[in-house]
Every structure is written in structure tokens, then in C-alpha cells.
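S.K.: Mind folding the following:
(4 chains)
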Number of protein chains: 2
Amino acid sequence: MNDIFKALNDATRREILELLKTKDLSAGEIADQFNMSKPSISHHLDILKRADLITAEKSGQFIFYSINTTIIEDVLQWILTFKK
Amino acid sequence: MNDIFKALNDATRREILELLKTKDLSAGEIADQFNMSKPSISHHLDILKRADLITAEKSGQFIFYSINTTIIEDVLQWILTFKK
DNA sequence: TATATATTTAGACAAATGTCTAAATACATT
DNA sequence: AATGTATTTAGACATTTGTCTAAATATATA
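M.R.: Next up, the predicted model:
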């Protein structure tokens, strides 16, 4: 849970997840959406990946990122234990 | 969402929430469960309170804390938008 | 009013975090 | 092989965070 909450504790990373909700995107396509250097975005992607919130797949010179719904489910279950 | 995820991004604070799941506790009772100074726990309680994840109610010289399920529901809804 | 208990506030400090630029790596194309 | 595009790695640096001790505030009780 530690890595997951650490990863979610940043507005840019949460926005990256929002972007990936619609469709998979390459690192460059993601970086284009932010007013921030590519290395910074790459670092955010790394943190999300380490938390298993996203997965990376190489395709030629591009790397495409997608949301990992399995881990989202884990967070959901954790939150649910506090309901009522 | 920023304050909420900031508050959840700490193991001690998540444990405090776990404790409050069972029953309301005073600041002292909470501090007794941790190997950490009372001021540090007080600080964690403040962060949880600012995030509205807990509420505080004074009773004599004690201050009792409880989980605020309303905000838990907000987090739940946020997470749900990523499902499938 | 004086003392004890419960809790917070203030201030210091080391460690972690987010950002940047420059350089490195990997693949594609000419 | 040389060049261009996509992305990451490395290293620096300012800001934020979590912890501590000492002091302040608030309530209860003798």
C-alpha cells in the first residue's frame, strides 16, 4: 500500500492516470499534455510503474503505458474496509 | 483530493485510521499505540483532520477522534472511475 | 489557587520529493 | 555508418515532510 499511496500523492501522476483511463499512450504523448520536462514525466511514470499502477510495453522506439486495473482493485478494497 | 492523498501517504496515519475503524479514541489513546512522541501523533492527527478524514470532538480535557465516512466515500468514488 | 493531566504549538533538523539540464541509451531511417 | 527521434538515467538543488524536544494552552481536581 505504501508505494501505491506514494504514487497517488501527486497531482501530475493522478492526471497521468486520468489520461490513461481513455486510452494507452506513449511517454511522449503523455509528456505533451504537461508543462513539464520529459525527464520529469519519465520519473513520474517510473513511480507509477513501481507502484504497479501502470504497465509499460515497448513498441519500436515508443513505450506505451496503460493502467493496471488489478492494483486499482486493491486500493478499492482497502478503502472499502472503512465504509460504514 | 490533494489533501486526502497527502494524508493517506503515511503508514502511521493509515494505522491511525485503522484504529479508529473500531471505535473513537482520544489523542492520548491513539498515541499509546505508537512508538512515537505525542507531538508527532498530534501532527498526524492534524493532517488527517485537515483532509477531513477524521473529526475531533472535545470532551473535558480529552479530544476524541472519529473517522469521517463522508470523505472516505469521496475517495471511493474517485477510485471507482478507474475501474474497468 | 496550585498542581497534575491531556493535547497542541513552535522551532529545529535530517531525509525524502519534485523539478531541472545534460548526457546516455535504444530504435529507425537515410 | 551517420543522423534523428523517443525515452531514460544521472546529478544538482530547492521545497516539503516527519520527527524530535521544549514550551504553551486547556481542563480537572486537591
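
S.K.: Go ahead and name everything in contact with the worst-scoring helix or strand of chain A on mean pLDDT.
M.R.: Counting by mean pLDDT, DSSP states H and E, chain A has its least confident helix or strand at helix A:69-80, which shows a mean of 95. Contact with helix A:69-80 is made by A:1, A:4, A:8, A:51-53, B:72, B:75-76, B:79-80, B:82-84, as judged by C-beta atoms under 8 Å, 6 or more residues apart in numbering or on different chains. Every C-beta, even on glycine, is put in place using the N, C-alpha and C of the backbone.

S.K.: likewise stretch A:24-35?
M.R.: A:12, A:15-16, A:19-20, A:38, A:41-42, A:45, A:62-66.

S.K.: Compute the mean per-residue pLDDT across that stretch, please.
M.R.: Regarding stretch A:24-35, the rounded mean pLDDT is 98.

S.K.: Most neighbours out of the contacts of stretch A:24-35, which is it?
M.R.: For the contacts of stretch A:24-35, counting by other C-beta atoms under 10 Å in any protein chain shown, the largest number of neighbours falls to residue A:16: 26 neighbours.
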